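> Take a look and give me a structure for this.
(2 chains)
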Amino acid sequence: KNQVEQSPQSLIILEGKNCTLQCNYTVSPFSNLRWYKQDTGRGPVSLTIMTFSENTKSNGRYTATLDADTKQSSLHITASQLSDSASYICVVSSYNDMRFGAGTRLTVKP
Amino acid sequence: ETGVTQTPRHLVMGMTNKKSLKCEQHLGHNAMYWYKQSAKKPLELMFVYNFKEQTENNSVPSRFSPECPNSSHLFLHLHTLQPEDSALYLCASSQDGAGHQPENYEQYFGPGTRLTVT
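Here you go, the predicted model:
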């Protein structure tokens, strides 16, 4: 079983709507958690990085939350745009290891 | 652009061929990585180089051979691959930390090489 589980696997929403992606992890000890956006045919690009003491971080219309007690994170996308169509990958680091989620494939339709 | 370039972007090779993937970073980083990304699977870390020294090899088959001649360049030499090796191969770079744990630093990814083994 992967130590980083993301849900849903895929999601389709209409342009302008909000959505929330989930990431649950069992990685321990915890160092940091990152969300990446990966457009089709491109490499992942970092959206946010959070350490143990941070429970929310925003990057434009993207807001990530972290609950280190329950080992859960979410990525909320506000007022979605067509360009948000991509895979979103959650990555959890321990002090000498990184674990990747399989990603959520988001499709934003007009 | 992230400052990490990869060539070629697409590669089709037979199982008996030998080819190499190239990665170059222009960010002044000291750590470089090779990842394999297969459809609907998490990224798999293959190799880590920190200050040109290989610090991690995640049980990668010997048909994949990395080379890091300097902190800016990373190669992945391929020979006698199998069809299941078909995937997107991503290169990334990051800063190093005092504890030589580059995994704790933000990584910048290249666009990847789409490899098809026939």
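> and residue A:11, what does it touch?
A:19, A:21, A:104, A:105, A:106, A:107 (C-beta atoms under 8 Å, 6 or more residues apart in numbering or on different chains). Placement of C-beta: from N, CA and C, glycine included.
> Just name the closest of these to chain B, please.
Proximity to chain B was ranked across the contacts of residue A:11 by C-beta to the nearest C-beta; first place goes to residue A:105, at 8.7 Å.
> where in the chain is pLDDT low?
I'll assume chain A. Flagging of chain A using pLDDT under 70 yields the residue ranges A:1.
> wait, chain B
B:1, B:97-104.
> Nearest residue to the closest residue to chain B within chain A in space, please, no chain neighbours.
Nearest to chain B, among the residues of chain A, is residue A:43, at 3.1 Å (C-beta to the nearest C-beta). Nearest residue to residue A:43 in three dimensions, chain neighbours excluded: residue B:109, at 3.1 Å (C-beta to C-beta, 6 or more residues apart in numbering or on different chains).
> now do residue B:79
Computed as C-beta to C-beta, 6+ apart, the closest residue to residue B:79 that is not its neighbour in sequence is residue B:18, at 4.4 Å.
> Tell me the residues on chain B that lie near chain A, please.
The interface of chain B toward chain A, taken as C-beta under 8 Å from any C-beta of the partner chain, is made up of B:2, B:4, B:40-45, B:90, B:92, B:99, B:101, B:103-104, B:106-112, B:114.
> Quick check on these: which are buried?
B:2, B:4, B:42-43, B:45, B:90, B:92, B:101, B:103-104, B:107-112, B:114 (16 or more other C-beta atoms under 10 Å in any protein chain shown).
> Cross these against strands and list the overlap.
Among those, the members found in strands (DSSP state E) are B:4, B:45, B:90, B:92, B:108, B:109, B:114.
> Out of those residues, which comes closest to residue A:70?
Within these, proximity to residue A:70 (C-beta to C-beta) peaks at residue B:45, which comes in at 26.2 Å.
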